[in-house]
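K.L.:
Quick one, fold the following:
(chains A and B)
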Amino acid sequence: MAATEPKGHGHHAGMWVFPDASAMSQDVSAKTLSMPKPFTLALMVTGALFILGIVGFIGRAATDGFDEMAPWGYYMAIFSWIFMISSAAPLAAVAFRFTKSHWRRPLSRVAELFAVVGILNLLMFIPMMFLLPGLGNPGGVVEGQLELRRTIWFEGPIGAPHAWDVLAVASLAVTSMVILLLSAMPDMAESRGTATGFRGWVYNRIAGGWYGTKRQWNAQKAGLALLGAFYFMMIIFVHFVISSEYAQSLIPGWKDSIFPVIYSVTSIQMGLGTCLIVLFIMRRWGGYEGYVGKSTFWSASKVMLGVTLLWAYHLFAFFITFWYGRLEVEQNIIKYLIVESYGIIFLLNLVFSFIAPFVLLIWNPVRRSAWGPALAGLFAIFGGLMFSIRIFVGSANAAKGDEIYAFFLEHVPAPAYPDVWDVFMVIGGIGAAAFVYLASTKLFPLLSLWEVKEGTLYQKWRKFIRGEYLVLGKPE
Amino acid sequence: MQEGTPLQSRQINRELLVSILNSPKWFWMAVGILGLIVLFAMGTAGLMINKGMGVTGLNRPVMWGFFITNFVFWIGISHAGVMLSAILRLSKAEWRRPATRAAEILTVFSLMTAMMMPLIHTGRPWRLVYWIYTVPFVPYDYARGIWPNVRSPLVWDPSAVYTYLTSSILFVIIALIPDFAVLRDRTTGISNKIYGMLAMGWQGNPRQWKLQIIAGVLLSALILPVFVSVHSIVSWDFGMAVSVKSWHSTIFAPYFVVGAVHSGVSAVAFVLIILRYIYGWQNYIRHEHIDALARLLIVVATGWFYFLVMEIVFGFYGREADEIAVRNLQFMITPWNIWMMIFVGVTYFLPVAIWLSRSARRNLWIMSLACISVNVGMWLERFLIIVPGLARKQLLTFDWYTYTPSAVEWIIVGATFAMVSMLMLVIARVVPLIPLYDIKEGEILRTEIKIGRVSVPATFRED
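P.N.:
Numbers count the residues shown, from 1 in each chain, chains lettered A, B, ... in the order given. Down below sits the predicted model:
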């Protein structure tokens, strides 16, 4: 173990770790190469689920084809769920790097690695392109219907909506991948001499020219900052696109300016929550307890609590405006997505996205633990799954055929229950995402070595008056 | 994040109490001039009450104009206090220290000013009591069949604002207790008695400090929901009105809150620059603090801009004729479209372009310009939400109308700025606008870390 005993006092006993920078690379490299039994088992189980998902997908395609959107509601939901996690998790690395928070250092790579899951997501997006109806009403100008569907593309630039949607999702996936590679470059350079096989080939390809000169470090940091800013803007835009295209535009008359924000907030909550779960597993079973202090959970949980409150606030802002407005279409949408058709799913969504994490995280001892924030993260991702099902299954099944071109939702549609293919796809999607993530941890070190090493320079444990306290250096 | 030289406790007391113990010569003249402006506006308001609302530019269908715009604007400014004080305190941002007190006090005065605006807007302020509460000793005019509607956002609004005002005053007073004790020990006569009473027996023992810190943290956490609710409810004054199409938008609540933080923090940055200049507080309000505020503002402004874009996109999204009419007025018809361009330019593009440059962030003149620019823009934002929506409220075009503010409205609205400035000056004479104990704590905790040949500023942290 390349670390000292955790430090801290009083309520914060054992909160901070001070890893030994000199032994860190070797230790983490060994961990990356090792294949312990539980890990292999997890890889096999998630791989099996992945195959189950593919079976579900083929079954659904063979049964229903790609002409109608309604049978694919659960596929859209699991796509969205994985997308929300894989797109928002890298944001945790980007955002806290911007704020120069030292506690983020062990979390950065865990978050960035979700870029690999983003590639899976991109593949999953291909069938969804075939499902999305065009802008124009194939019936032309029809009494009681719109000539053009309400979408964010309005009259539609060339290629709208399909080409632009693909471009948006692909750009996000590529950007997050570039961030991962750029960030991992110094770590890969350290191991390129010893790595063999595919790993050695990748390391040499990506980090072959890295020698850690001052110029290279400056370029890497500037690149990460610029890409981070771009990623931040892209993620907000792509969330806006996905939430509008595959949810709002499919329910006639649903005009809700806060929905893209709710989507982004849910996504951020899930992304951070998932990172906390991974960190907890690393600490508990992965042998990383010397690198991941409780301080990371303590600080991240405060952000998590804030995001949880924001989720509830945005949902309430949506609900009160629709509820108070008393417009027929808005009442129907509330009945459909919140009160009647998907009422139970909404309740689960509310409990697991807000009530459970909130009740858990308001307690200081829970926030100071490693299990508490991870459990809150688990709640959040389950709540997010309910959110995705409620919204995307609901949207796919709200209007059948050319009803999608209607002015308003004039009735409250019935809920769509999953069949066996849907269950396979949902479980398989979760398994696929986990499988890809687990596999990627054998290629990239799960700890951002250069960031953690840098952190050891800025965090010290020093005597102050009658006790010993943490000293945090802020370079600017 | 620490520049400047280390400060001794005595020096901090001496320099930060200068506004109280040694008033500059210009002080009373400035207060007098501002007071005259306020008096003139009060006279104008009296004239308006006497003559009726006909002296304003308000007319059907635009019955909300300058006064309500100004109300929303000042509510917005009040959001700086909690943003800077509570949130930054909870997040333990070291650079918050010199900014908190001025922000909290600006919150209190802007809330008081904001609450005057609907009173003036009613035209008959004494009837407000019928509008909100049925008080047992006030004869309620049941004969007209008008009842207070507790389900109306217009009732939630004053309730939220008064709650915020009460909690903000409490917040300021709790934070002031140790500083009142310092003043008690440095004054004589009646001042000594008053400060002694306000210091509530403060001796600075460990138990008192512990209680004061706990109270500060608890209040910070408790005031947050109030802070969010206030501007959300103000936004629902508009958002719940289905009849005005461009107002019925689900994003209004967070859009208003973020906008409020944007204008409020900008206002605080401007106030800090003024304080630094007039009281010579260069050792306390340093370039690094203004720089940090500007960097925070980039994030806040960008968040606000995102909400603005969502609001506009979804305004067009529905393609409903009555909403398009409002958007047409905002974006296509002169002078509204010019105001719209100015509004977006001065609220987002100009200031953010300035804040992206480190040297601009550290130039106080440029920063003042950027902060004023934001607030001009944010005032315009509220105006451009309220008036075009009402001007195109009716379905039939012959019911459309516009609005031109009268001199009476200009005077009253203009005087609110004089009033807040005057109140800030007066309070600077009574309480230290930079918290003494907070600065001293920051000085105790500051240290350095040596990395190679470089010394990096650092802080001791308990958690």
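K.L.:
residue boundaries of the helices in the stretch 251-400 of chain B?
P.N.:
Taking DSSP state H, counting those that start in this stretch as the test, the helices found in the stretch 251-400 of chain B are B:252-279, B:287-317, B:321-332, B:336-344, B:350-355, B:358-361, B:364-391.
K.L.:
Take stretch B:53-68, keep the C-alpha atoms, and write them as PDB.
P.N.:
Output of stretch B:53-68 as PDB, limited to C-alpha atoms (Å, rounded to 0.1, in the frame of the first residue of the first chain):
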ATOM      1  CA  MET B  53     -53.000  56.400 -11.600                       C
ATOM      2  CA  GLY B  54     -53.800  58.500 -14.700                       C
ATOM      3  CA  VAL B  55     -50.500  60.400 -14.100                       C
ATOM      4  CA  THR B  56     -48.600  57.200 -15.000                       C
ATOM      5  CA  GLY B  57     -48.300  55.600 -18.400                       C
ATOM      6  CA  LEU B  58     -50.300  52.600 -17.300                       C
ATOM      7  CA  ASN B  59     -53.400  51.900 -19.300                       C
ATOM      8  CA  ARG B  60     -55.300  48.800 -20.600                       C
ATOM      9  CA  PRO B  61     -54.000  46.300 -21.400                       C
ATOM     10  CA  VAL B  62     -50.600  47.200 -19.900                       C
ATOM     11  CA  MET B  63     -51.400  47.600 -16.300                       C
ATOM     12  CA  TRP B  64     -48.000  46.500 -15.000                       C
ATOM     13  CA  GLY B  65     -45.100  48.800 -16.000                       C
ATOM     14  CA  PHE B  66     -42.100  50.500 -14.400                       C
ATOM     15  CA  PHE B  67     -43.200  49.900 -10.800                       C
ATOM     16  CA  ILE B  68     -43.500  46.100 -11.200                       C
END
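K.L.:
Report the distance from that stretch to the chain centre.
P.N.:
Relative to its parent chain, stretch B:53-68 has a centroid offset of 24 Å by Cα atoms, centre = their mean, to the nearest Å.
K.L.:
Next, the residues that contact that stretch from outside, please.
P.N.:
B:47-48, B:117-118, B:120-121, B:123, B:383, B:386-387, B:390-391, B:393-394, B:399-406, B:408-410, B:412-413 (Cβ atoms under 8 Å, 6 or more residues apart in numbering or on different chains). Where C-beta positions appear, they are placed from N, C-alpha and C, glycine not excepted.
K.L.:
if we go to 7 Å?
P.N.:
The contact list for stretch B:53-68 (Cβ atoms under 7 Å, 6 or more residues apart in numbering or on different chains) reads B:47-48, B:117, B:120-121, B:123, B:386-387, B:390-391, B:393-394, B:399, B:401, B:403-406, B:408-409, B:413.
K.L.:
returning to what we had before: deepest in the core, which of the helices of the stretch 251-400 of chain B is it.
P.N.:
Relative to the other members of the helices of the stretch 251-400 of chain B, helix B:252-279 carries the highest mean neighbour count by mean count of other Cβ atoms under 10 Å in any protein chain shown, namely a mean of 25.
K.L.:
which among the contacts of stretch B:53-68 end up buried?
P.N.:
By neighbour count, with 16 or more other Cβ atoms under 10 Å in any protein chain shown, the contacts of stretch B:53-68 hold B:48, B:117, B:120-121, B:123, B:386-387, B:390-391, B:393-394, B:403, B:405-406, B:408-409, B:413 as buried.
K.L.:
Flag every buried residue along stretch A:321-341.
P.N.:
The neighbour-count check on stretch A:321-341 (16+ other Cβ under 10 Å) flags A:321-322, A:324-325, A:329-338, A:341 as buried.
K.L.:
So of those residues, which two are at opposite extremes in space?
P.N.:
For these, the farthest-apart pair by Cβ to Cβ is A:324 and A:341; their separation is 21.3 Å.
K.L.:
Show me what stretch A:51-61 is in contact with.
P.N.:
The set of residues external to stretch A:51-61 that reach it, using Cβ under 7 Å, 6+ apart, is A:71-72, A:75, A:421, A:424-425, A:427-429, A:431-432.
K.L.:
what residues are up against residue A:75?
P.N.:
When the contact criterion is Cβ under 7 Å, 6+ apart, the partners of residue A:75 are A:60, A:425.
K.L.:
If you could redo that for residue B:12, that was the one I meant.
P.N.:
Contact analysis of residue B:12 by Cβ under 7 Å, 6+ apart lists B:436, B:439-440.
K.L.:
after the helix or strand hosting residue A:372, next one along is what?
P.N.:
Residue A:372 belongs to helix A:371-388 when assigned by DSSP states H and E. From helix A:371-388 onward toward the C-terminus, using DSSP H and E, the following helix or strand is helix A:394-398.
K.L.:
What residues sit buried inside that next one?
P.N.:
The neighbour-count check on helix A:394-398 (16+ other Cβ under 10 Å) flags A:394-398 as buried.
K.L.:
residues in contact with the host helix or strand of residue A:365?
P.N.:
Residue A:365 is part of helix A:364-368, with elements assigned from DSSP H and E. Surrounding helix A:364-368, the residues in contact under the criterion Cβ under 7 Å, 6+ apart are A:11-12, A:15, A:294, A:298, A:301-302, A:360-361, A:372-373.
K.L.:
Now with 8 Å, please.
P.N.:
The contact list for helix A:364-368, computed with Cβ under 8 Å, 6+ apart, reads A:11-12, A:15, A:294, A:297-298, A:301-302, A:305, A:360-361, A:372-373.
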